[in-house]
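Asks: sequence plus predicted model, see below.
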Amino acid sequence: MNDMTPTREQRTAALEGMGCKRKRVEDIRFTQGKGNYVDDVKLPGMLHGDFVRSPHAHARVKAIHSEEALKVPGVLAVITAETLKTVNLAWMPTLAGDVQMVLADGKVLFQNQEVAFVVATDRYAADDGIAKVEVEYEPLPVLVDPFKAMDPDAPVLREDLAGKTTGAHGPRKHHNHIFEWTVGDKDLTDAAFRKADVTIKELISYHRVHPSPLETCQCVCSFDKIRGELTIWGTFQAPHVIRTVVALIAKIPEHKIHVISPDIGGGFGNKVGAYPGYICAAVASIVTGKPVKWVEDRIENLTATSFARDYHMTAELAATKEGKVTGLRVHVLADHGAFDACADPSKWPAGFFNIVTGSYDIPVAHLAVDGIYTNKAPGGVAYRCSFRVTEAAYCIERAMDILAQKLNMDPAELRLKNFVRPEQFPYHSALGWEYDSGDYATAMKKVMETVKYAGLRQEQADKRAAFKRGETREIMGVGVSFFTEIVGAGPSKNCDILGIAMFDSCEIRLHPTGAGIARVGSKSQGQGHETTWAQIIATEIGIPADNIMVEEGNTDTAPYGLGTYGSRSTPVAGAAIAMAARKIKAKAQMIAAYKLEVHEDDLEWDIDGFRVKGLPEKTMSMKDICWAAYNSVPPGMEPGLEAVSYYDPPNMTYPFGAYICVMDIDVDTGVYKVRRFMALDDCGTRINPMIIEGQVHGGLTEAFAIAMGQEIRYDDAGNVVTGSFMDFFMPTAVETPHWETDFTVTPSPHHPIGAKGVGESPNVGGVPAFSNAVNDAFSFLGSTHIQMPHDYWRNWKAAKSLGVFA
Amino acid sequence: MAKTHITMKVNGAEVEGLVEPRTLLVHFLRETLSLTGTHIGCETTHCGACTVDLDGKSVKSCTVFAVQAEGSEILTIEGIANADGSLAALQEGFRMMHGLQCGFCTPGMIVRAHRLLQENPAPTEAEIRMGISGNLCRCTGYQNIVKAIQYASAKVNGTEFREAAE
Ligand code: FES
Ligand code: FES
């Protein structure tokens, strides 16, 4: 061996495979302003469409006058529900089994609902046209409060559902009722509560928020009349699903629809659904014969395309006096707005909310969710979480703190006492899930040690005493949160969207010179798939990540995939990538055996190629195998080196983590300061630690925003009062706390590379950590639960209601 | 609507165009000049995705009319790279420190950070955070953006790069 021969370490490093902090491929273009986002798409003759929207939350639409608008220079068409009816598109199906108006048909049901679509030569002319469209409304009584939705005399919102006593998810109890979903054993749970030493019950609300990625929803639709083909560039997290939806509702053959998701400026669940803008732009292109662009502005984004949460959860825990939890009962009032447009897998009207038993070994539980209509925007998307998992984690994590308070026990100690233990995995939860793996106590103790938990509690006790003596006006909270996520939707046995199983896919082609392309059914919106997917392949088949181009988002070239949301990319698409790579490796082994003139079984894998067992000098690198695949394969074998894998996961994955937040609050002003935030995540095998850390930072920042101020709020008349970045809390670099991160590694036993997914964990675990910190700070003054968001004003109000100004 | 003829210098090159008086600078850059690196995230002066440098000041180009920029010198993200085409220190810093994810805020952030470092070549972490507080990022949580700017500052000043306290 001469000095030039690379060492095994050098060969491994050259691959930049899994576990390496590989710098991102995407950044070369993004840092130079050379990304290609939807609004950058410019086609010859392209028109712009924009909406006339309703100022009312509930009103009858008496008439729409578009004559004056059509006189505006540049305005070419005004599309209304009447126009759409001619192509049977005035209403569209939602992912949740409901229907939704594309344009107001007879009435409007929420403020800023789409009423008419003005098509013009540029965006300014479209705006001029909008100003000239006159709509006659007759206001109707408005329903904003979800708790009044099922009053006998509540206004009837959905006249189209009159007489329908059954919806997509079973019986409807009231004209504003959508579904009731129950899980668990009610009798056993009731019995546990009867026997309990201690019980708690609390209404825990998770307010309405919005994912608001920095790029809004947008599309360009171009219909080619001659070929009968529709091409759509759009901000789609799930481009294949969009193609199928368009084929089903627009009756264009699916092979004549080309959906392209170019670079996407953040998604966070906002870009999963199908919105009226897409339909209108497509129809406008068909009608005018020109490409039509639709770009939402920020106010439209916040008020019309999707929302998240709005879950009002009544949680009850039963426990022994020693602090062993013996039962959980939860009822949720779920405010879905005017149409049920939740982006959940079809059979899951409340998503995976039944993960609400959390990280605890709770023997019996019962859950009931009632979905209802109100005069608010439709949506209910999974905002940086798997379906309704953030709501569930918030519910159980607040409830555990409330129980700890009642038991006069430390909240961390209560958690340690109730954790599912490592030897219980695979663990079957009382509400029907099979947790794959976990070591909760180790994670919890590691974080407690890092922050010197006992010392914090001592400091808090001292501060409380000082506060009571009148020596300080500052109170201190320590927020503990331990979450278990359920991600990677999902196994075809229980997950589908519109009947399509939620698998994912990858196609890898290796070229003769040892480079290749991987096309994947997922779609990055900032997660860095072009970087990390190549790392999986590099480790699996020994081709440097730099030599693998990753392509996503073009439905003509990528294999069918269900897209990126719910932290499903790594668990599902990541697995498909590994499996496709392994198919390639199997063929490569046959080629290597043939070329090295040995039996396949005499070969073993070694970093970047095969070597003959016992003869380490006799090797064939993957690069050489690539070349051989195109000129000298064994007799009878097809040439080439490529593979496709469609991966149907056997189970979900269950990432988990332990977070601790230390916060100080000035009771006189309500001003808080996050002193420390420590986040430990266990996402199984780590593909790129740099990207994981980035995901955690970003998710924590979104969690911080949600817990501490962000809210889509309606006044009594159904006006959105937080509909711009002026009023909707978006933390800047100044407010955003400093994040500390840590990890443990408990691989998923059923995933080909043991990875679990991480992008959403910090949002799931972060919100309860912040809220528990605030609640913990105030608890010694006599409060049990203060609703989010915990902005300065509400903190001050909480202090006031607890009598600190007496 | 009647159009006005305007000229300005963008990234060192003289450009001209016909715009309506109400045309926003960001639309002139993106649509007339096809410089699509400057993004639009809000159109209400809050997000900073549209930040460009106008006569040596950071401005939000969604809140400047194109006619107001008549005769000015503008720098956009497309003009940030080194003359030889290599990444400028800031661009390199964003990549090395993982200061971007979806990349939508990145052009505005980098152009803003460029001006910040002109005004204050060696800012503290607090000064950086305040200095970029007109630019929102939904993806990164800012911590790595701060590091990226510190990296660039050190590189340009020839000092040793020390990461912000962890
Ligand atoms: S687009 Fe100009 S500040 Fe947001
Ligand atoms: S990287 Fe996505 S908004 Fe900043």
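Replies: Sure thing, it's come through. Numbering: from 1, shown residues only, chains lettered A, B, ... in the order given. Ligands and ions are numbered 1, 2, ... in the order given.
Asks: number of nearby residues for A:Ala13?
Replies: Neighbourhood size, A:Ala13 [other Cβ atoms under 10 Å in any protein chain shown]: 13. All C-beta atoms are positioned from the backbone trio N, CA, C, and that covers glycine.
Asks: and for B:Cys139?
Replies: 29.
Asks: go on, the one 3 residues further on?
Replies: Counted with other Cβ under 10 Å, the neighbours of B:Tyr142 add up to 29.
Asks: ok, A:Ser222 next?
Replies: 22.
Asks: mind checking how far it is from ligand 2?
Replies: 27 Å (Cβ to the nearest ligand atom, to the nearest Å).
Asks: ok, that residue - contacts?
Replies: A:43, A:230-232, A:285, A:290-292 (Cβ atoms under 8 Å, 6 or more residues apart in numbering or on different chains).
Asks: buried residues in whichever strand or helix holds it, which are they?
Replies: Using DSSP states H and E, A:Ser222 maps to strand A:218-224. By 16 or more other Cβ atoms under 10 Å in any protein chain shown, the buried positions in strand A:218-224 come out as A:218-223.
Asks: tell me which of those residues is nearest to B:Asn82?
Replies: A:Gln218 (32.5 Å; Cβ to Cβ).
Asks: mind checking pLDDT for the closest one?
Replies: Here, the pLDDT recorded for A:Gln218 equals 98.
Asks: the one 3 residues further on too?
Replies: A:Cys221 is assigned 98 on the pLDDT scale.
Asks: pretty sure A:Pro559 contacts A:Glu642?
Replies: No. Assessed by Cβ atoms under 8 Å, A:Pro559 is found out of contact with A:Glu642, at 11.7 Å.
Asks: any common contacting residues for those two?
Replies: Joint contacts of A:Pro559 and A:Glu642 (Cβ under 8 Å, 6+ apart) are A:Glu507.
Asks: if we can go back for a sec, which among the buried residues of strand A:218-224 gets closest to B:Asn120?
Replies: Distances from B:Asn120 to the buried residues of strand A:218-224, taken by Cβ to Cβ, are shortest for A:Gln218, at 36.1 Å.
Asks: who wins for neighbours among the contacts of A:Ser222?
Replies: Going by other Cβ under 10 Å, A:Val292 tops the contacts of A:Ser222 with 28 neighbours.
Asks: count of neighbours near the closest residue to B:Gly12 other than its chain neighbours?
Replies: Spatially, and ignoring its direct neighbours in sequence, B:Gly12 is nearest to B:Gly79 (6.5 Å; Cβ to Cβ, 6 or more residues apart in numbering or on different chains). As a burial measure, B:Gly79 scores 19 neighbours (other Cβ under 10 Å).
Asks: re the thing from before, farthest-separated two in the contacts of A:Ser222?
Replies: It's A:Ile232 and A:Lys290 that sit farthest apart of the contacts of A:Ser222, by Cβ to Cβ, at 14.3 Å.
Asks: where in chain A is pLDDT low?
Replies: A:1-3 (pLDDT under 70).
Asks: where does the record place the domain boundaries for it?
Replies: Domains of chain A are assigned by automatic domain parsing as A:8-35+A:504-647, A:38-140+A:216-264+A:271-304, A:307-425+A:439-489+A:652-801.
Asks: with distance to A:Met150 added, can I get those domains in a markdown table?
Replies: Listed next are the domains of chain A as a markdown table, based on distance: least, Cβ to Cβ, whole Å:
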| stretch | distance to A:Met150 |
| --- | --- |
| domain A:8-35+A:504-647 | 30 |
| domain A:38-140+A:216-264+A:271-304 | 17 |
| domain A:307-425+A:439-489+A:652-801 | 6 |
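Asks: looking at those domains, which is buried most?
Replies: domain A:307-425+A:439-489+A:652-801 (a mean of 22; mean count of other Cβ atoms under 10 Å in any protein chain shown).
Asks: now that one, how far from the centre of its chain.
Replies: 16 Å (Cα atoms, centre = their mean, to the nearest Å).
Asks: could you check whether that domain is close to chain B?
Replies: Yes. Counting by Cβ under 8 Å from any Cβ of the partner chain, chain B has neighbours in domain A:307-425+A:439-489+A:652-801: A:690-691, A:693-695, A:697-702, A:724-726, A:730, A:732-734, A:736, A:738-740.
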